[in-house]
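Peer 1: Attaching a predicted model along with its sequence, questions to come.
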Amino acid sequence: MSRNAVKAFFGVLGLSTILTIGLMANAEPKSDAKRPDFKPVMDVHQQMECQGGLFKQVKEGLLDKKWRPAADAAWMLTELGNINQYQHEDAQYIKFAKAMSDDCATLAKALKKKDEAAAKEALKLVGQRCGDCHDQFKK
Ligand code: HEC
């Protein structure tokens, strides 16, 4: 075989190897990593103590114009509201938890933008969301 033919041979061999490995990788089953069904680590009582602390942090951050920590606390509240949907089977509870989470996200975005008026408005709404659920579900 001429030099060029040898080169071409190995060139094609290399290319087809890459293609084969690529196809094999594609044919491999997707990662079988399994997550358990979502289950909060905290019970409602523990979660609510955190929510109380975070809500206070947001209020104080807003008053002191410490936007970043206030926004971070609001994001944590957003996620806790998200998690709270898994604390109860009642459809109304889940609705209240989702509404709180949504309004906390609005609050977090307003704080991030340092929009004081929008943040105050959103904070008021979040407070009402806490109250809505407490009126019905807090003994
Ligand atoms: C979807 C329902 C729901 C929402 C929304 C909610 N809570 Fe609660 N909260 C509860 C329940 C249920 C309890 C009673 C828990 C217990 O002690 O067993 C409670 C209790 C509390 C308590 C008393 C701590 C305790 O458990 O004794 C605090 C503080 C609290 N919540 C803060 C908040 C704040 C702040 C918000 C809003 C940012 C909020 N919660 C939103 C359901 C909710």
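Peer 2: That came through fine. Numbers count the residues shown, from 1 in each chain.
Peer 1: in the protein, which residue is closest to the centre?
Peer 2: Nearest to the mean C-alpha position of the chain, by CA atoms, centre = their mean, lies residue 79 at 5.8 Å.
Peer 1: what's the nearest residue to it if we skip its chain neighbours?
Peer 2: Once flanking residues are discounted, residue 79 sits nearest to residue 101: 7.6 Å by CB to CB, 6 or more residues apart in numbering. For the C-beta atoms, the positions are set from N, CA and C on the backbone; glycine is no exception.
Peer 1: for the helix or strand where the one you found lies, packing partners?
Peer 2: Following DSSP states H and E, one finds residue 101 within helix 91-112. Secondary-structure packing of helix 91-112 (3 or more CB pairs under 8 Å, 6 or more residues apart in numbering; DSSP states H and E): helix 44-63, helix 67-84, helix 116-137.
Peer 1: Can you tell me which of those helices is most buried?
Peer 2: helix 67-84 (a mean of 20; mean count of other CB atoms under 10 Å).
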